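Novice: this one's structure only:
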(Lines give C-alpha, C1' and ligand atoms only; values in the text may rest on other atoms or scores of the structure.)
Protein backbone atom coordinates (compact mmCIF):
# COMPACT_ATOMS: atom_id res chain seq x y z
CA UNK A 1 0.00 0.00 0.00
CA UNK A 2 1.14 3.52 -0.65
CA UNK A 3 -0.06 6.94 -1.62
CA UNK A 4 -2.37 9.38 0.03
CA UNK A 5 -5.37 7.88 1.81
CA UNK A 6 -6.94 11.09 3.11
CA UNK A 7 -6.52 14.57 1.69
CA UNK A 8 -8.20 17.73 2.90
CA UNK A 9 -7.66 21.00 1.03
CA UNK A 10 -8.93 24.31 2.34
CA UNK A 11 -11.61 22.39 4.20
CA UNK A 12 -13.89 24.93 5.87
CA UNK A 13 -17.13 24.57 7.77
CA UNK A 14 -19.53 27.21 8.96
CA UNK A 15 -22.53 26.53 11.14
CA UNK A 16 -25.43 28.82 11.64
CA UNK A 17 -26.13 29.44 15.28
CA UNK A 18 -28.48 31.33 17.50
CA UNK A 19 -31.71 33.14 16.84
CA UNK A 20 -30.27 35.30 14.04
CA UNK A 21 -28.68 32.26 12.36
CA UNK A 22 -25.28 33.93 12.51
CA UNK A 23 -22.47 32.16 10.67
CA UNK A 24 -19.92 30.64 13.01
CA UNK A 25 -16.76 29.22 11.45
CA UNK A 26 -15.80 26.01 13.25
CA UNK A 27 -13.14 24.83 10.82
CA UNK A 28 -10.70 27.13 9.04
CA UNK A 29 -9.18 25.95 5.76
CA UNK A 30 -7.86 22.66 7.00
CA UNK A 31 -5.12 21.22 4.81
CA UNK A 32 -3.98 17.74 5.64
CA UNK A 33 -2.63 14.59 4.06
CA UNK A 34 -2.59 11.16 5.61
CA UNK A 35 -0.59 8.44 3.89
CA UNK A 36 -2.01 4.99 3.37
CA UNK A 37 -1.06 2.64 6.19
CA UNK A 38 -0.51 5.45 8.67
CA UNK A 39 -2.02 5.82 12.12
CA UNK A 40 -2.82 9.52 12.37
CA UNK A 41 -3.80 11.08 15.69
CA UNK A 42 -5.92 14.19 15.61
CA UNK A 43 -5.39 15.99 18.85
CA UNK A 44 -7.24 18.93 20.30
CA UNK A 45 -9.28 20.12 23.26
CA UNK A 46 -13.04 19.74 23.29
CA UNK A 47 -14.74 21.97 20.77
CA UNK A 48 -11.62 22.47 18.64
CA UNK A 49 -13.17 21.02 15.49
CA UNK A 50 -12.11 17.36 15.69
CA UNK A 51 -15.59 15.92 15.34
CA UNK A 52 -16.47 18.42 12.62
CA UNK A 53 -13.42 17.28 10.65
CA UNK A 54 -14.35 13.63 11.07
CA UNK A 55 -17.92 14.31 10.00
CA UNK A 56 -16.66 16.09 6.89
CA UNK A 57 -14.33 13.20 6.07
CA UNK A 58 -17.14 10.65 6.46
CA UNK A 59 -19.76 12.67 4.58
CA UNK A 60 -22.08 13.31 7.53
CA UNK A 61 -21.86 17.04 6.88
CA UNK A 62 -21.09 19.04 3.75
CA UNK A 63 -18.14 21.46 3.62
CA UNK A 64 -18.83 25.18 3.29
CA UNK A 65 -15.78 25.34 1.04
CA UNK A 66 -12.73 23.27 0.25
CA UNK A 67 -12.59 19.59 -0.45
CA UNK A 68 -12.13 16.31 1.35
CA UNK A 69 -10.91 13.28 -0.57
CA UNK A 70 -10.65 9.76 0.77
CA UNK A 71 -8.92 7.07 -1.26
CA UNK A 72 -8.85 9.46 -4.21
CA UNK A 73 -12.59 10.13 -4.31
CA UNK A 74 -14.88 12.71 -2.71
CA UNK A 75 -15.56 11.92 0.94
CA UNK A 76 -19.04 10.61 1.60
CA UNK A 77 -19.58 9.03 -1.82
CA UNK A 78 -21.01 5.52 -1.79
CA UNK A 79 -17.81 4.12 -3.33
CA UNK A 80 -15.69 5.67 -0.59
CA UNK A 81 -18.08 4.58 2.13
CA UNK A 82 -17.73 0.98 0.92
CA UNK A 83 -14.06 1.13 1.91
CA UNK A 84 -14.15 3.07 5.18
CA UNK A 85 -15.23 2.34 8.72
CA UNK A 86 -16.42 4.95 11.20
CA UNK A 87 -16.87 4.98 14.95
CA UNK A 88 -18.59 8.16 16.15
CA UNK A 89 -17.96 9.76 19.52
CA UNK A 90 -20.10 8.22 22.30
CA UNK A 91 -21.78 5.96 19.77
CA UNK A 92 -25.43 5.18 20.11
CA UNK A 93 -27.14 2.17 18.59
CA UNK A 94 -30.59 0.64 18.19
CA UNK A 95 -31.22 -0.60 21.71
CA UNK A 96 -33.92 -3.03 20.57
CA UNK A 97 -31.38 -5.07 18.59
CA UNK A 98 -28.95 -7.63 19.94
CA UNK A 99 -25.25 -7.11 19.27
CA UNK A 100 -25.26 -9.83 16.63
CA UNK A 101 -28.42 -8.48 14.94
CA UNK A 102 -26.88 -5.03 14.80
CA UNK A 103 -23.67 -6.27 13.19
CA UNK A 104 -25.71 -8.34 10.74
CA UNK A 105 -27.69 -5.23 9.81
CA UNK A 106 -24.49 -3.23 9.30
CA UNK A 107 -23.14 -6.06 7.16
CA UNK A 108 -26.28 -6.01 5.03
CA UNK A 109 -25.89 -2.24 4.53
CA UNK A 110 -22.29 -2.89 3.51
CA UNK A 111 -23.67 -5.21 0.84
CA UNK A 112 -22.23 -8.43 2.28
CA UNK A 113 -24.01 -11.70 1.44
CA UNK A 114 -25.68 -13.51 4.33
CA UNK A 115 -23.08 -16.28 4.59
CA UNK A 116 -20.18 -13.83 4.72
CA UNK A 117 -22.02 -11.79 7.35
CA UNK A 118 -22.55 -14.79 9.57
CA UNK A 119 -18.86 -15.73 9.56
CA UNK A 120 -17.64 -12.18 9.90
CA UNK A 121 -19.86 -11.10 12.76
CA UNK A 122 -18.79 -14.12 14.79
CA UNK A 123 -15.14 -13.27 14.17
CA UNK A 124 -15.67 -9.58 14.94
CA UNK A 125 -17.54 -10.24 18.17
CA UNK A 126 -14.58 -12.38 19.18
CA UNK A 127 -12.11 -9.72 18.15
CA UNK A 128 -13.69 -7.08 20.36
CA UNK A 129 -14.28 -9.52 23.21
CA UNK A 130 -18.07 -9.72 23.00
CA UNK A 131 -18.51 -13.34 21.90
CA UNK A 132 -20.59 -14.13 24.97
CA UNK A 133 -22.78 -11.02 24.63
CA UNK A 134 -23.79 -11.33 20.97
CA UNK A 135 -27.33 -12.44 21.81
CA UNK A 136 -27.83 -9.68 24.40
CA UNK A 137 -29.93 -6.61 23.52
CA UNK A 138 -27.82 -3.47 23.10
CA UNK A 139 -29.90 -1.67 25.77
CA UNK A 140 -28.22 -4.01 28.28
CA UNK A 141 -24.70 -3.15 27.14
CA UNK A 142 -22.35 -1.09 29.30
CA UNK A 143 -20.61 1.96 27.86
CA UNK A 144 -17.43 0.00 27.28
CA UNK A 145 -19.34 -2.78 25.53
CA UNK A 146 -21.08 -0.23 23.28
CA UNK A 147 -17.70 1.20 22.35
CA UNK A 148 -16.55 -2.28 21.37
CA UNK A 149 -19.62 -3.08 19.31
CA UNK A 150 -18.99 0.30 17.69
CA UNK A 151 -15.48 -0.78 16.77
CA UNK A 152 -16.83 -4.07 15.44
CA UNK A 153 -19.35 -2.32 13.16
CA UNK A 154 -16.60 -0.03 11.88
CA UNK A 155 -14.67 -3.11 10.74
CA UNK A 156 -17.60 -5.05 9.26
CA UNK A 157 -16.70 -4.21 5.64
CA UNK A 158 -12.96 -4.92 6.04
CA UNK A 159 -12.21 -1.20 5.50
CA UNK A 160 -8.99 0.29 4.12
CA UNK A 161 -9.44 3.51 6.10
CA UNK A 162 -10.90 3.70 9.60
CA UNK A 163 -12.12 6.91 11.24
CA UNK A 164 -12.50 6.84 14.99
CA UNK A 165 -13.84 9.76 17.01
CA UNK A 166 -12.53 9.59 20.58
CA UNK A 167 -12.28 5.79 20.58
CA UNK A 168 -10.85 5.68 24.11
CA UNK A 169 -13.32 8.01 25.77
CA UNK A 170 -15.36 6.44 28.51
CA UNK A 171 -13.19 3.35 28.70
CA UNK A 172 -11.42 2.07 31.78
CA UNK A 173 -7.63 1.61 31.64
CA UNK A 174 -7.97 -2.00 30.51
CA UNK A 175 -10.43 -1.03 27.80
CA UNK A 176 -8.12 1.73 26.64
CA UNK A 177 -5.21 -0.64 26.41
CA UNK A 178 -7.33 -3.04 24.39
CA UNK A 179 -8.31 -0.29 21.95
CA UNK A 180 -4.66 0.78 21.67
CA UNK A 181 -3.66 -2.79 20.89
CA UNK A 182 -6.44 -3.02 18.33
CA UNK A 183 -5.23 0.18 16.63
CA UNK A 184 -1.73 -1.25 16.43
CA UNK A 185 -3.09 -4.49 14.97
CA UNK A 186 -5.06 -2.52 12.39
CA UNK A 187 -1.90 -0.72 11.40
CA UNK A 188 -0.15 -4.10 11.19
CA UNK A 189 -2.82 -5.17 8.71
CA UNK A 190 -1.92 -2.20 6.51
CA UNK A 191 -5.03 -0.15 7.24
CA UNK A 192 -5.05 3.61 7.58
CA UNK A 193 -6.38 4.82 10.91
CA UNK A 194 -7.45 8.41 11.55
CA UNK A 195 -8.54 9.01 15.10
CA UNK A 196 -9.29 12.00 17.25
CA UNK A 197 -8.57 12.22 20.92
CA UNK A 198 -7.82 14.57 23.75
CA UNK A 199 -6.03 11.86 25.70
CA UNK A 200 -2.40 12.51 24.92
CA UNK A 201 -0.62 9.36 26.13
CA UNK A 202 -2.72 7.34 23.68
CA UNK A 203 -1.36 9.36 20.81
CA UNK A 204 2.24 9.03 21.86
CA UNK A 205 2.03 5.26 21.96
CA UNK A 206 0.15 4.43 18.78
CA UNK A 207 0.46 7.26 16.28
CA UNK A 208 2.87 7.63 13.39
CA UNK A 209 1.91 11.24 12.93
CA UNK A 210 -0.11 13.75 14.86
CA UNK A 211 -2.07 16.85 13.97
CA UNK A 212 -2.96 19.39 16.61
CA UNK A 213 -6.10 21.41 16.10
CA UNK A 214 -7.08 24.45 18.14
CA UNK A 215 -10.15 26.61 17.70
CA UNK A 216 -10.78 25.18 14.25
CA UNK A 217 -7.24 25.65 12.96
CA UNK A 218 -4.57 23.05 12.42
CA UNK A 219 -1.62 24.44 14.36
CA UNK A 220 0.91 21.63 14.08
CA UNK A 221 1.32 18.42 12.18
CA UNK A 222 4.22 16.03 12.09
CA UNK A 223 5.77 12.84 13.33
CA UNK A 224 5.46 12.38 17.07
CA UNK A 225 9.23 12.46 17.62
CA UNK A 226 9.56 15.63 15.50
CA UNK A 227 6.98 17.43 17.59
CA UNK A 228 8.68 16.20 20.73
CA UNK A 229 12.17 17.23 19.64
CA UNK A 230 12.92 20.17 21.89
CA UNK A 231 14.96 23.12 20.72
CA UNK A 232 15.99 23.80 24.30
CA UNK A 233 16.88 20.51 25.89
CA UNK A 234 16.62 20.61 29.66
CA UNK A 235 18.34 18.40 32.17
CA UNK A 236 16.90 17.89 35.61
CA UNK A 237 19.33 17.59 38.53
CA UNK A 238 18.30 16.48 42.00
CA UNK A 239 20.65 17.44 44.78
CA UNK A 240 20.81 17.67 48.59
CA UNK A 241 23.11 18.61 51.46
CA UNK A 242 23.69 22.17 50.34
CA UNK A 243 23.96 25.22 52.56
CA UNK A 244 21.32 27.91 51.94
CA UNK A 245 23.94 30.17 50.37
CA UNK A 246 25.17 27.48 47.99
CA UNK A 247 21.59 26.62 47.13
CA UNK A 248 20.66 30.18 46.21
CA UNK A 249 23.86 30.50 44.15
CA UNK A 250 22.84 27.38 42.22
CA UNK A 251 19.34 28.71 41.63
CA UNK A 252 20.81 31.17 39.14
CA UNK A 253 21.68 28.29 36.81
CA UNK A 254 18.23 26.81 36.83
CA UNK A 255 16.00 27.76 33.89
CA UNK A 256 12.91 27.22 36.06
CA UNK A 257 12.56 28.14 39.75
CA UNK A 258 14.14 25.31 41.80
CA UNK A 259 11.70 22.96 43.50
CA UNK A 260 12.49 22.23 47.14
CA UNK A 261 11.32 19.17 49.01
CA UNK A 262 12.86 19.04 52.49
CA UNK A 263 16.61 19.02 51.99
CA UNK A 264 16.31 18.07 48.33
CA UNK A 265 16.38 20.58 45.51
CA UNK A 266 15.33 19.95 41.91
CA UNK A 267 16.99 22.14 39.29
CA UNK A 268 16.53 22.28 35.55
CA UNK A 269 19.57 23.36 33.57
CA UNK A 270 20.00 24.05 29.90
CA UNK A 271 22.73 22.39 27.86
CA UNK A 272 25.67 20.22 28.80
CA UNK A 273 28.04 23.07 29.54
CA UNK A 274 25.78 24.47 32.22
CA UNK A 275 25.29 20.96 33.56
CA UNK A 276 29.05 20.54 34.03
CA UNK A 277 29.31 23.83 35.87
CA UNK A 278 26.35 23.02 38.12
CA UNK A 279 27.62 19.53 39.00
CA UNK A 280 31.08 20.91 39.83
CA UNK A 281 29.50 23.64 41.98
CA UNK A 282 27.41 21.10 43.88
CA UNK A 283 30.37 18.82 44.61
CA UNK A 284 32.52 21.81 45.53
CA UNK A 285 29.89 22.98 48.06
CA UNK A 286 29.84 19.49 49.59
CA UNK A 287 26.42 18.55 48.26
CA UNK A 288 25.25 15.21 46.86
CA UNK A 289 23.89 14.51 43.40
CA UNK A 290 20.95 12.07 43.40
CA UNK A 291 19.95 12.09 39.75
CA UNK A 292 20.66 13.70 36.40
CA UNK A 293 17.78 13.23 33.98
CA UNK A 294 17.68 14.66 30.47
CA UNK A 295 14.16 15.98 30.13
CA UNK A 296 12.25 15.02 26.99
CA UNK A 297 9.25 17.12 26.10
CA UNK A 298 5.96 15.29 26.28
CA UNK A 299 3.29 15.74 23.71
CA UNK A 300 1.25 17.24 26.50
CA UNK A 301 3.75 20.07 26.89
CA UNK A 302 3.86 20.65 23.15
CA UNK A 303 0.10 20.68 23.15
CA UNK A 304 -0.17 23.13 26.04
CA UNK A 305 2.50 25.35 24.47
CA UNK A 306 0.44 25.57 21.30
CA UNK A 307 -2.67 26.39 23.27
CA UNK A 308 -0.79 29.19 25.05
CA UNK A 309 0.54 30.49 21.73
CA UNK A 310 -2.95 30.31 20.27
CA UNK A 311 -4.55 32.25 23.08
CA UNK A 312 -2.02 35.05 22.87
CA UNK B 1 -31.35 -4.62 -1.46
CA UNK B 2 -29.96 -2.18 1.13
CA UNK B 3 -33.27 -0.33 1.12
CA UNK B 4 -34.93 -3.64 1.98
CA UNK B 5 -32.51 -4.11 4.90
CA UNK B 6 -33.40 -0.65 6.24
CA UNK B 7 -37.10 -1.32 5.73
CA UNK B 8 -36.87 -4.63 7.54
CA UNK B 9 -35.02 -3.06 10.46
CA UNK B 10 -37.64 -0.30 10.70
CA UNK B 11 -40.35 -2.96 10.72
CA UNK B 12 -38.46 -4.86 13.41
CA UNK B 13 -38.25 -1.72 15.55
CA UNK B 14 -42.01 -1.17 15.21
CA UNK B 15 -42.99 -4.73 16.09
CA UNK B 16 -40.73 -4.63 19.16
CA UNK B 17 -42.57 -1.52 20.33
CA UNK B 18 -45.49 -1.99 22.71
CA UNK B 19 -47.43 1.01 21.37
CA UNK B 20 -48.17 -0.90 18.19
CA UNK B 21 -49.85 -3.73 20.07
CA UNK B 22 -51.96 -1.46 22.22
CA UNK B 23 -53.23 0.31 19.09
CA UNK B 24 -53.95 -2.99 17.41
CA UNK B 25 -55.84 -4.27 20.46
CA UNK B 26 -57.75 -0.97 20.51
CA UNK B 27 -58.76 -1.41 16.85
CA UNK B 28 -59.86 -5.01 17.31
CA UNK B 29 -61.80 -4.01 20.44
CA UNK B 30 -63.50 -1.26 18.46
CA UNK B 31 -64.47 -3.69 15.69
CA UNK B 32 -65.66 -6.18 18.32
CA UNK B 33 -67.52 -3.41 20.17
CA UNK B 34 -69.37 -2.48 17.00
CA UNK B 35 -71.03 -5.92 17.14
CA UNK B 36 -72.51 -5.02 20.54
CA UNK B 37 -73.52 -1.59 19.26
CA UNK B 38 -75.22 -3.08 16.20
CA UNK B 39 -77.48 -5.15 18.47
CA UNK B 40 -78.87 -1.93 19.93
CA UNK B 41 -79.88 -0.46 16.61
CA UNK B 42 -82.97 -1.25 14.61
CA UNK B 43 -82.18 -2.73 11.22
CA UNK B 44 -78.96 -2.37 9.24
CA UNK B 45 -76.87 -3.96 11.97
CA UNK B 46 -74.14 -5.21 9.70
CA UNK B 47 -73.89 -1.77 8.12
CA UNK B 48 -72.93 -0.30 11.52
CA UNK B 49 -70.27 -2.96 11.98
CA UNK B 50 -68.83 -2.26 8.55
CA UNK B 51 -68.94 1.52 9.02
CA UNK B 52 -67.36 1.46 12.47
CA UNK B 53 -64.87 -1.22 11.47
CA UNK B 54 -63.62 0.74 8.45
CA UNK B 55 -63.45 3.90 10.57
CA UNK B 56 -61.44 2.05 13.21
CA UNK B 57 -58.96 0.76 10.63
CA UNK B 58 -58.52 4.28 9.23
CA UNK B 59 -58.18 5.92 12.64
CA UNK B 60 -55.76 3.42 14.14
CA UNK B 61 -53.78 3.36 10.91
CA UNK B 62 -53.45 7.15 10.97
CA UNK B 63 -52.36 7.07 14.61
CA UNK B 64 -49.66 4.49 13.81
CA UNK B 65 -48.55 6.35 10.67
CA UNK B 66 -48.33 9.70 12.46
CA UNK B 67 -46.86 8.70 15.78
CA UNK B 68 -44.28 6.28 14.44
CA UNK B 69 -43.77 8.24 11.22
CA UNK B 70 -42.85 11.60 12.79
CA UNK B 71 -39.99 10.06 14.75
CA UNK B 72 -38.79 7.83 11.94
CA UNK B 73 -35.97 10.05 10.68
CA UNK B 74 -35.79 12.67 13.44
CA UNK B 75 -35.14 10.14 16.19
CA UNK B 76 -32.28 8.59 14.24
CA UNK B 77 -30.60 12.00 13.95
CA UNK B 78 -31.35 13.00 17.53
CA UNK B 79 -30.16 9.72 19.06
CA UNK B 80 -27.23 9.65 16.65
CA UNK B 81 -27.99 6.07 15.62
CA UNK B 82 -27.90 7.46 12.09
CA UNK B 83 -24.15 8.15 12.19
CA UNK B 84 -23.06 4.56 11.85
CA UNK B 85 -25.80 3.82 9.30
CA UNK B 86 -25.47 6.72 6.89
CA UNK B 87 -21.69 6.18 6.75
CA UNK B 88 -22.26 2.70 5.37
CA UNK B 89 -22.17 2.46 1.57
CA UNK B 90 -25.77 3.57 1.07
CA UNK B 91 -27.28 6.65 -0.54
CA UNK B 92 -29.24 9.00 1.65
CA UNK B 93 -32.26 8.30 -0.56
CA UNK B 94 -31.98 4.59 0.33
CA UNK B 95 -32.35 5.53 3.97
CA UNK B 96 -35.51 7.61 3.46
CA UNK B 97 -37.08 5.01 1.19
CA UNK B 98 -36.16 2.19 3.56
CA UNK B 99 -37.65 4.02 6.53
CA UNK B 100 -40.84 4.73 4.59
CA UNK B 101 -41.16 1.16 3.31
CA UNK B 102 -40.53 -0.24 6.80
CA UNK B 103 -43.42 1.70 8.29
CA UNK B 104 -45.55 0.89 5.24
CA UNK B 105 -44.87 -2.80 5.85
CA UNK B 106 -45.83 -2.35 9.51
CA UNK B 107 -49.08 -0.68 8.43
CA UNK B 108 -49.73 -3.39 5.84
CA UNK B 109 -49.52 -6.10 8.49
CA UNK B 110 -51.76 -4.14 10.84
CA UNK B 111 -54.32 -3.24 8.19
CA UNK B 112 -54.33 -6.89 7.06
CA UNK B 113 -55.04 -8.09 10.60
CA UNK B 114 -57.74 -5.47 11.24
CA UNK B 115 -59.24 -5.94 7.75
CA UNK B 116 -59.36 -9.71 8.16
CA UNK B 117 -61.06 -9.27 11.54
CA UNK B 118 -63.67 -6.96 10.02
CA UNK B 119 -64.35 -9.19 6.99
CA UNK B 120 -64.67 -12.26 9.24
CA UNK B 121 -67.20 -10.61 11.58
CA UNK B 122 -69.20 -9.04 8.74
CA UNK B 123 -69.20 -12.31 6.79
CA UNK B 124 -70.37 -14.28 9.84
CA UNK B 125 -73.20 -11.79 10.42
CA UNK B 126 -74.32 -11.73 6.78
CA UNK B 127 -73.78 -15.40 6.12
CA UNK B 128 -71.75 -14.68 2.98
CA UNK B 129 -68.22 -13.56 2.22
CA UNK B 130 -68.18 -9.73 2.33
CA UNK B 131 -65.26 -9.45 -0.07
CA UNK B 132 -66.43 -6.00 -1.25
CA UNK B 133 -64.91 -4.57 1.94
CA UNK B 134 -61.46 -5.28 0.56
CA UNK B 135 -61.67 -2.26 -1.76
CA UNK B 136 -62.18 0.36 0.98
CA UNK B 137 -59.60 -1.42 3.14
CA UNK B 138 -57.13 -1.32 0.25
CA UNK B 139 -57.71 2.36 -0.47
CA UNK B 140 -57.47 3.13 3.26
CA UNK B 141 -54.04 1.53 3.08
CA UNK B 142 -53.09 3.86 0.22
CA UNK B 143 -54.34 6.77 2.32
CA UNK B 144 -52.12 5.60 5.19
CA UNK B 145 -49.17 5.54 2.80
CA UNK B 146 -49.86 9.19 2.00
CA UNK B 147 -50.04 10.03 5.72
CA UNK B 148 -46.80 8.12 6.33
CA UNK B 149 -45.05 10.00 3.54
CA UNK B 150 -46.25 13.34 4.99
CA UNK B 151 -44.93 12.32 8.41
CA UNK B 152 -41.59 11.19 6.94
CA UNK B 153 -41.25 14.46 5.02
CA UNK B 154 -41.72 16.53 8.20
CA UNK B 155 -39.51 14.15 10.12
CA UNK B 156 -36.53 15.04 7.92
CA UNK B 157 -36.41 18.61 9.21
CA UNK B 158 -38.73 19.06 12.18
CA UNK B 159 -39.20 17.80 15.72
CA UNK B 160 -41.70 14.98 16.34
CA UNK B 161 -44.16 17.24 18.17
CA UNK B 162 -44.28 19.84 15.41
CA UNK B 163 -44.28 17.13 12.74
CA UNK B 164 -47.25 15.42 14.42
CA UNK B 165 -49.17 18.70 14.54
CA UNK B 166 -48.38 19.49 10.88
CA UNK B 167 -49.18 15.99 9.72
CA UNK B 168 -52.47 15.77 11.62
CA UNK B 169 -53.45 19.23 10.35
CA UNK B 170 -52.81 18.11 6.78
CA UNK B 171 -54.80 14.92 7.37
CA UNK B 172 -57.75 16.96 8.64
CA UNK B 173 -57.56 19.46 5.77
CA UNK B 174 -57.07 16.59 3.29
CA UNK B 175 -60.18 14.88 4.63
CA UNK B 176 -62.18 18.07 4.10
CA UNK B 177 -60.71 18.88 0.69
CA UNK B 178 -64.01 18.52 -1.17
CA UNK B 179 -65.82 20.70 1.36
CA UNK B 180 -63.15 23.34 0.95
CA UNK B 181 -63.74 23.47 -2.78
CA UNK B 182 -67.50 23.54 -2.34
CA UNK B 183 -67.25 26.32 0.22
CA UNK B 184 -65.19 28.53 -2.11
CA UNK B 185 -67.49 27.87 -5.05
CA UNK B 186 -70.55 28.78 -2.98
CA UNK B 187 -69.37 31.85 -1.08
CA UNK B 188 -66.10 33.17 -2.43
CA UNK B 189 -65.18 35.83 -4.95
CA UNK B 190 -62.75 35.11 -7.82
CA UNK B 191 -59.65 35.71 -5.68
CA UNK B 192 -60.69 33.33 -2.92
CA UNK B 193 -61.85 30.81 -5.48
CA UNK B 194 -58.46 30.91 -7.23
CA UNK B 195 -56.56 30.55 -3.96
CA UNK B 196 -58.70 27.64 -2.84
CA UNK B 197 -58.36 25.99 -6.23
CA UNK B 198 -54.57 26.19 -5.91
CA UNK B 199 -54.71 24.80 -2.36
CA UNK B 200 -57.04 22.05 -3.51
CA UNK B 201 -54.50 21.00 -6.11
CA UNK B 202 -51.52 21.05 -3.74
CA UNK B 203 -53.05 19.55 -0.59
CA UNK B 204 -53.61 15.81 -0.44
CA UNK B 205 -57.21 15.04 -1.29
CA UNK B 206 -57.79 12.14 1.08
CA UNK B 207 -61.53 12.07 0.41
CA UNK B 208 -60.89 10.46 -2.98
CA UNK B 209 -59.50 7.48 -1.08
CA UNK B 210 -62.61 7.14 1.13
CA UNK B 211 -64.96 4.74 -0.62
CA UNK B 212 -66.14 3.05 2.58
CA UNK B 213 -69.45 4.94 2.69
CA UNK B 214 -70.33 4.04 -0.89
CA UNK B 215 -69.41 0.37 -0.46
CA UNK B 216 -71.23 -0.03 2.85
CA UNK B 217 -74.38 1.55 1.43
CA UNK B 218 -74.25 -0.65 -1.65
CA UNK B 219 -73.42 2.10 -4.15
CA UNK B 220 -71.17 0.80 -6.90
CA UNK B 221 -67.60 2.11 -7.11
CA UNK B 222 -66.43 1.83 -10.73
CA UNK B 223 -63.09 0.09 -11.16
CA UNK B 224 -61.71 3.09 -13.06
CA UNK B 225 -62.59 5.46 -10.21
CA UNK B 226 -60.94 3.18 -7.65
CA UNK B 227 -57.85 2.73 -9.83
CA UNK B 228 -57.55 6.46 -10.42
CA UNK B 229 -57.89 7.17 -6.69
CA UNK B 230 -55.17 4.60 -5.94
CA UNK B 231 -52.90 6.04 -8.63
CA UNK B 232 -53.47 9.55 -7.29
CA UNK B 233 -52.48 8.42 -3.79
CA UNK B 234 -49.32 6.68 -5.00
CA UNK B 235 -48.30 9.65 -7.14
CA UNK B 236 -48.75 11.91 -4.13
CA UNK B 237 -46.58 9.55 -2.06
CA UNK B 238 -43.87 9.65 -4.75
CA UNK B 239 -43.88 13.46 -4.75
CA UNK B 240 -43.67 13.65 -0.94
CA UNK B 241 -40.82 11.16 -0.80
CA UNK B 242 -38.93 13.03 -3.52
CA UNK B 243 -39.21 16.19 -1.41
CA UNK B 244 -38.10 14.30 1.71
CA UNK B 245 -35.06 12.87 -0.11
CA UNK B 246 -34.18 16.29 -1.49
CA UNK B 247 -34.22 17.88 1.98
CA UNK B 248 -32.38 14.98 3.56
CA UNK B 249 -29.71 15.07 0.85
CA UNK B 250 -28.54 18.52 1.91
CA UNK B 251 -28.84 18.06 5.65
CA UNK B 252 -25.86 18.28 7.95
CA UNK B 253 -25.91 15.76 10.78
CA UNK B 254 -24.43 17.88 13.54
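Specialist: Right, received. Where do you want to start? Every value quoted in this text rests on a predicted model; they were computed, and no experiment measured them. Numbering: from 1, shown residues only, chains lettered A, B, ... in the order given.

Novice: interface residues of chain A facing chain B?
Specialist: Those residues of chain A that sit near chain B, judged by Cβ under 8 Å from any Cβ of the partner chain, are A:15, A:55, A:58-62, A:78-79, A:81-82, A:84, A:86-88, A:90-94, A:96-97, A:105-106, A:108-111, A:150, A:153-154, A:157. Where C-beta positions appear, they are placed from N, C-alpha and C, glycine not excepted.

Novice: any idea which helix is longest in chain A?
Specialist: Longest helix of chain A, by residue count under DSSP state H: helix A:173-188.

Novice: pLDDT averaged over that one - what is it?
Specialist: Mean pLDDT, computed over helix A:173-188, is 88.

Novice: ditto for stretch B:115-133
Specialist: Mean per-residue pLDDT for stretch B:115-133: 89.

Novice: Show me what that stretch is in contact with.
Specialist: With contact meaning Cβ atoms under 8 Å, 6 or more residues apart in numbering or on different chains, stretch B:115-133 is reached by B:28, B:31-32, B:35, B:38, B:45-46, B:49-50, B:53-54, B:57, B:134, B:137, B:215.

Novice: how far does stretch A:156-169 sit from the chain's center?
Specialist: Taking Cα atoms, centre = their mean, to the nearest Å, one finds the center of stretch A:156-169 at 13 Å from the center of the full chain.

Novice: go on, stretch B:212-226?
Specialist: Taking Cα atoms, centre = their mean, one finds the center of stretch B:212-226 at 19 Å from the center of the full chain.

Novice: Now for the residue nearest to the spatial centre of chain B: which residues touch it?
Specialist: Centroid-nearest residue in chain B: residue B:144, 1.2 Å away (criterion: Cα atoms, centre = their mean). For residue B:144, the contact set (Cβ under 8 Å, 6+ apart) comprises B:58, B:61-62, B:64-65, B:104, B:107, B:111.

Novice: I'd like to know which of these is nearest to residue B:167.
Specialist: residue B:65 (8.1 Å; Cβ to Cβ).

Novice: Work out for me the element the residue nearest to the centre of chain B sits within.
Specialist: Using DSSP states H and E, residue B:144 falls within helix B:134-155.

Novice: Can you give me the buried ones in that helix?
Specialist: Using 16 or more other Cβ atoms under 10 Å in any protein chain shown as the test for burial, helix B:134-155 gives B:135-155.

Novice: Equivalent analysis for stretch A:51-66, please.
Specialist: Neighbour-count burial for stretch A:51-66, counted by 16+ other Cβ under 10 Å, picks out A:51-61, A:63-64, A:66.

Novice: just how off-centre is the host helix or strand of residue A:268 within its chain?
Specialist: Using DSSP H and E, residue A:268 maps to strand A:264-270. Averaging C-alpha positions (Cα atoms, centre = their mean) puts strand A:264-270 32 Å from its chain's average.

Novice: So what touches it?
Specialist: A:232-240, A:242, A:247, A:250-251, A:253-256, A:258-260, A:275, A:278, A:290, A:295.

Novice: do that again at 7 Å, thanks
Specialist: Contact with strand A:264-270 is made by A:232, A:234-240, A:242, A:247, A:250, A:253-256, A:258-259, A:275, A:278, A:295, as judged by Cβ atoms under 7 Å, 6 or more residues apart in numbering or on different chains.

Novice: hang on, the earlier thing: find the residue closest to the residue nearest to the centre of chain B in space, skipping its chain neighbours.
Specialist: residue B:61 (4.3 Å; Cβ to Cβ, 6 or more residues apart in numbering or on different chains).

Novice: Mind telling me what element residue B:166 is part of?
Specialist: Element membership for residue B:166, per DSSP H and E: helix B:160-175.

Novice: hmm, who's touching that helix?
Specialist: By Cβ under 7 Å, 6+ apart, helix B:160-175 touches B:62, B:66-67, B:70-71, B:74, B:147, B:150-151, B:154-155, B:203-207.

Novice: which two from those residues end up farthest apart in space?
Specialist: Using Cβ to Cβ, the contacts of helix B:160-175 span at most 29.0 Å, a distance reached by B:74 and B:207.

Novice: In terms of neighbours, single out the busier of those two.
Specialist: residue B:74 (23 against 17; other Cβ atoms under 10 Å in any protein chain shown).

Novice: Contacts only, for that one.
Specialist: If a contact means Cβ under 7 Å, 6+ apart, then residue B:74 has B:155, B:159-160, B:163 as its contacts.

Novice: what does the stretch 151-254 of chain B have sitting close to chain A?
Specialist: Contact residues, the stretch 151-254 of chain B versus chain A (Cβ under 7 Å from any Cβ of the partner chain): B:252-254.

Novice: switch to 10 Å and redo it
Specialist: B:249-254 (Cβ under 10 Å from any Cβ of the partner chain).

Novice: Of the residues you listed, just the buried ones, ChimeraX syntax please.
Specialist: A single ChimeraX command selects the buried members of those (16+ other Cβ under 10 Å):
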select /B:251,253
